[in-house]
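Asks: Turn this into a structure:
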Amino acid sequence: MPSRRIVSVALLSILALTACESKSSSRKGPTRTTGGVGAQATGDLGTVLATVDDITITVGEFQDRLNRQSPYIRNRYTSVEQKKEFLDNLVRFEVLAAEAARRGFDKDPEVVRTMKQVMIQKLLRDEFETRVTPESITDADIKAYYDAHADEFVKPEEVRASAVVVKSRAQAERVATEAAGEAGKTNKGFRDLVAAYSIDEDQKLRGGDLRYLSSATDDVPTPVVAAAFALANTGDVSGVIEAGDGTFWVLKQTGRRKAVTRTLDDATQTIRNKLYRDKRLETQKQFVEGLRTAAKIEILEDNLAKVRVDTSLEGGDPHGETAPLPDLTQPLPPPSGAMPVPPPLDPPPGTGDPAPATK
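Replies: Okay, the predicted model is just below:
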C-alpha cells in the first residue's frame, strides 16, 4: 500500500518534527552493526516479529531501527521485556499510519510536501555523497588557489588608529595638547575630540577610526601612515602631523597586528575545505539547472500580483514553509534508515517518555 507508507513517513515527520526515511517493512536492507552484539545468523534477519494487516516487522528491521538510536536509548532496550515495549511502539506506529491512510491524509498538501522534502534530501544525498568529496580536491587545485590568493595567506604588519583632522597647525597643536592630557587617555575621550574638532565627516561617523592600515595603504596620506606605525604602543597619541594636502592630523593608536605568513602546508586544509564547499555548490547548481532545462516549466510572473501576503503577527504554520535544499557546503546528514516511533499516548505517571523517539 504505497499511500500508507507515504502517510507513515509524513506522519512521523509531523510528530517528530524531523524528515525521516521510510521503507517497506518487508524489505531487508542492511542492518547496522554495533559493538557488543554477538554473532547472528543471516537467516534470523528475515524472521517475522509482528504483522499489522499487510505490513510485516522483521527481526532485521526491528534491529535496524533500534540500533540507529543513541547509545543511551539502545541500552534501555536490552531485555526481552524492554524489546517487547519497543516492538509495541513500532506496531502502534503502523496502526496510526494505517488509520491516517484510511482517512486520506496521504493526499493532504502538508503530507505531500513533507514527503517531497524527504525525497529531495535522499535524491541529493544519492547524487552528491560520493561524487564530490574532500578527496576530489587535488593538491594541484590547492596550490593553484594558494598562488592566486597569496594576499590571504601572507599579510603584512598592520596598525589601527583614530584621527582628528583639522585645517590649521595652530588648531592641531591645541588638539594634540588636549589629546596628550586626560582626553587622550581613553578611546571615548579621543572620540569626543574627533566629534568636536575633526573636519572629515566620514571619519567622524566612525569616531575617527581609520581601521587597520598596512605600510603600503594609499587610503590616507603617506605621512599619516608613517606616523601611525611610529607610535610604539596601543594607546599612544601623536603630535601634529602635516599630511601634505593642507590638513593636519593628530592620531591615537588603537591596535596593531603582526605580520602573518601561512605556508602552503599550513593553509592546505583551509583551502581544501573552501574548494570542497565551492565545488559541491557548483555541482548542485549545475545538477538543478540541468533538471530545470529538461523539465517543461511555465512561469506566469504577472499573476504574482494576485498573491496576498498576510503580514500580521497572528496565525501561520511554523512548519509550513517548503524546506530549502540541503546545504551542500556541509556534509549531508546520514540516512536515517529507521523511523523513530511516537511516544506512548498515555505514559505512566512519573515514568517519563519510554519511547525510543529520536529528537
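Asks: Name the residues of the strand or helix carrying residue 285 that come out as buried.
Replies: Under the criterion of DSSP states H and E, residue 285 resides in helix 264-294. With burial defined by 16 or more other C-beta atoms under 10 Å, the residues of helix 264-294 counted as buried are 267-268, 271-272, 274-277, 279-280, 283-284, 287. Every C-beta, even on glycine, is put in place using the N, C-alpha and C of the backbone.
Asks: what do you get for stretch 78-85?
Replies: residue 85.
Asks: now stretch 164-181
Replies: Buried residues in stretch 164-181, counted by 16+ other C-beta under 10 Å: 164, 165, 166, 171, 172, 175, 176, 178, 179.
Asks: Can you tell me which of those end up in helices?
Replies: 171, 172, 175, 176, 178, 179 (DSSP state H).
Asks: and which of the buried residues of helix 264-294 is nearest residue 54?
Replies: Among these, residue 287 lies closest to residue 54 (C-beta to C-beta), at 36.9 Å.
Asks: ok, the closest one to residue 112 distance?
Replies: Residue 287 sits 23 Å away from residue 112, taking C-beta to C-beta, to the nearest Å as the criterion.
Asks: Residue 89 too?
Replies: From residue 89 to residue 112 the distance is 26 Å (C-beta to C-beta).
Asks: Same drill for those two, tell me which one is more crowded.
Replies: residue 89 (20 against 14; other C-beta atoms under 10 Å).
Asks: Report all helices and strands that the strand or helix carrying the more buried one contacts.
Replies: Secondary structure assigned from DSSP H and E places residue 89 in helix 80-102. Using 3 or more C-beta pairs under 8 Å, 6 or more residues apart in numbering; DSSP states H and E, the elements in contact with helix 80-102 are helix 2-16, strand 48-52, strand 55-58, helix 59-67.
Asks: lowest-confidence stretch among these?
Replies: Across those, helix 2-16 has the smallest mean pLDDT, namely a mean of 50.
Asks: what's the spacing between the nearest residue to residue 133 once chain neighbours are set aside and residue 286?
Replies: Spatially, and ignoring its direct neighbours in sequence, residue 133 is nearest to residue 276 (7.6 Å; C-beta to C-beta, 6 or more residues apart in numbering). Residue 276 sits 16 Å away from residue 286, going by C-beta to C-beta.
Asks: Do a quick rundown of the strands in the stretch 101-250 of the chain.
Replies: Applying DSSP state E, counting those that start in this stretch to the stretch 101-250 of the chain gives strands spanning 154-155, 158-166, 209-214, 241-242, 248-257.
Asks: quick one: low-confidence ranges for the stretch 51-200 of the chain?
Replies: Within the stretch 51-200 of the chain, no range satisfies pLDDT under 70.
Asks: follow-up on the earlier one: grab the two from the ones in helices among the buried residues of stretch 164-181 that are most spread out in space.
Replies: It's 171 and 179 that sit farthest apart of these, by C-beta to C-beta, at 12.4 Å.
Asks: shared neighbours, the two?
Replies: Common contacts of residue 171 and residue 179, defined by C-beta atoms under 8 Å, 6 or more residues apart in numbering, are absent altogether.
Asks: now the helices for the stretch 101-250 of the chain?
Replies: 109-128, 139-148, 150-153, 169-180, 187-197, 201-205, 222-230 (DSSP state H, counting those that start in this stretch).
Asks: Name the residues that touch the shortest one?
Replies: Helix 150-153 is touched from outside by 146, 260, 261, 262, 263, 266, 267, with contacts defined as C-beta under 8 Å, 6+ apart.
Asks: quick one: which of those residues is nearest to residue 190?
Replies: Among the contacts of helix 150-153, residue 260 lies closest to residue 190 (C-beta to C-beta), at 27.7 Å.
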